[in-house]
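In: This is a predicted model, with the sequence first.
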Amino acid sequence: MAAPETAPPAPNSLKRIVAASLIGTTIEWYDFFLYGSAAALVFNKLFFPDSDPLVGTLLSFLTYAVGFAARPLGALVFGHYGDRLGRKKLLVLSLLLMGGATFAIGLLPTHATIGSAAPVLLTVLRLVQGFALGGEWGGAVLLVSEHGDAKRRGFWASWPQTGAPAGQLLATGVLSALTALLSDAAFTSWGWRIPFLLSGVLVIVGLWIRLSVDESPVFKAALAQAEQRKAEVGTVEKMPLVAVLRHHWRDVLIAMGARMAENISYYVITAFILVYATTAVEMSKQTALNAVLIASAVHFAVIPLWGALSDRIGRRPVYLIGAIGVGAWMFPFFMLIDTAGFGALLLAVTVGLVLHGAMYAPQAAFFSEMFATRMRYSGASIGAQFSSVAAGAPAPLIATALLADYDSSTPIALYVIAAALLTVVAIACARETRDRDLTAVDAQEEEAGAAPAATTADARTA
């Protein structure tokens, strides 16, 4: 009979763990999004100066997409060692890698100084960023999911998810302040480096907090059981990746499908919108950045609310609200922006991000509950990050190319709607996981010889 799920930690302890995950993910997303914003605003001029403006933007977004290509590799490597060694050690490493790469971008010579070596070095550093972020997400959400109160797992696990809008808010806020204080010439010359160099300070703060928290108790219990089993019967534990792909391939595909609308819509709403608003609608950079800034603050506030709602009505219903809502909002989204008014732009981006939050908030708990503990880091990371190659990576690139080819927002709206339909299908095929006991899932895997937890009767919390 399965042991009951580990008792929740004291409130102060849980809050410290949530804070450690949130601050770490905020810093990592700040670094990642900072590149996206800079790619839309200045990198086309600094690293691809021989191209016309729109082609330069496309090339700039191509290096942006390269970061996503490295995320699956990060998911595999960090997932493997995170399931073997623990969540905490890998989270510290991911933060060091991301922060170091971002700081180095701030010191990078431009095309005018070293020629074609500049975009090559930029691409290498972007690869390091993607590799680190591919390993960051899974560990951060699992550390909270495996510590938290099972009845409020959706709420507590949604807090690391707020690191994305917090990072976006921080990155956009810094860029917005610099563009307001500096002339275009000064910002393009040296001002853009400041937010990248600021990452070094943020990493020191993040490391200090992350090193102060304990390893996941669910993971420590599962590791102890595996070692005891090995000592008693001499069984050789399968590699986490092999176990995931053999027994949880269906869950991985569902997670990948669930990510399509969430990932594509987010990067269209926050990254591509800077291009669309400044080129197609001819609004100022400052206006576009301010709209994303305010909308990101609202996004940050609603994610825990959506997470709490998923504890009450389930992960699937909340996720479906977001997927259907984002698809339905795309045509009004572009119609509002085309009016070239700040209020309309702000409404378009804010509603889009609120609906995105309905997918993003329950995602952490939802993906965590699909897998057993000794393959959870690998399973959740693979499902989340492999889809990013087909979803978030090319989203700004595809949207910019569609705009260049058709000079219309209609194909871009249809692109996001198609992703929303794919996500609706994936969620319709998923099983509800809200009441699943993480330790009982481990016991089921053990008793069934590592049979997929999703195909056995769900373990319900007492």
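Out: Great, that's in hand.
In: all helices for the stretch 101-250 of the chain, in order.
Out: 111-114, 117-145, 153-161, 163-181, 184-186, 193-210, 217-233, 240-247, 249-267 (DSSP state H, counting those that start in this stretch).
In: between those, which gets the lowest average pLDDT?
Out: Here the helices of the stretch 101-250 of the chain differ in mean pLDDT, and the lowest is helix 217-233 at a mean of 72.
In: any idea which element residue 70 lies in?
Out: Per DSSP states H and E: residue 70 is located in helix 53-85.
In: if we can go back for a sec, columns distance to residue 19 and mean neighbour count on top of the helices of the stretch 101-250 of the chain, output as a markdown table?
Out: Just so you know, the C-beta spots here come from the backbone N, C-alpha and C atoms, and that holds for glycine as well. Output for the helices of the stretch 101-250 of the chain, formatted as a markdown table (distance: least, Cβ to Cβ, whole Å; neighbours: other Cβ atoms under 10 Å):
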| stretch | distance to residue 19 | mean neighbour count |
| --- | --- | --- |
| helix 111-114 | 41 | 13 |
| helix 117-145 | 10 | 24 |
| helix 153-161 | 8 | 29 |
| helix 163-181 | 11 | 22 |
| helix 184-186 | 36 | 11 |
| helix 193-210 | 7 | 18 |
| helix 217-233 | 18 | 15 |
| helix 240-247 | 28 | 19 |
| helix 249-267 | 24 | 24 |
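In: pretty sure residue 349 is touching residue 292, no?
Out: Yes - Residue 349 is within contact range of residue 292, at 6.1 Å (criterion: Cβ atoms under 8 Å).
In: residues touching residue 399, list them.
Out: 268, 272, 275, 276, 412, 415 (Cβ atoms under 8 Å, 6 or more residues apart in numbering).
In: Could you tell me what pLDDT the model assigned to it?
Out: Listed pLDDT for residue 399 reads 92.
In: Spatially nearest residue to it (excluding sequence neighbours)?
Out: Among residues not flanking residue 399 along the chain, residue 272 sits closest, at 4.2 Å (Cβ to Cβ, 6 or more residues apart in numbering).
In: picking up where we left off before, tell me the most packed of the contacts of residue 399, by neighbour count.
Out: Greatest neighbour count in the contacts of residue 399, by other Cβ atoms under 10 Å, goes to residue 268: 27 neighbours.
In: My understanding was that that residue contacts residue 395; is that so?
Out: Yes - contact between residue 268 and residue 395 holds when scored by Cβ under 8 Å: they sit 5.6 Å apart.
In: Look up how far residue 279 lies from the residue nearest to residue 399.
Out: 11 Å (Cβ to Cβ, to the nearest Å).
In: can you check residue 265 too?
Out: Where residue 279 is concerned, residue 265 sits at a distance of 20 Å (Cβ to Cβ).
In: Then residue 358?
Out: Applying Cβ to Cβ to residue 358 and residue 279 gives a distance of 30 Å.
In: Done for today, thanks.
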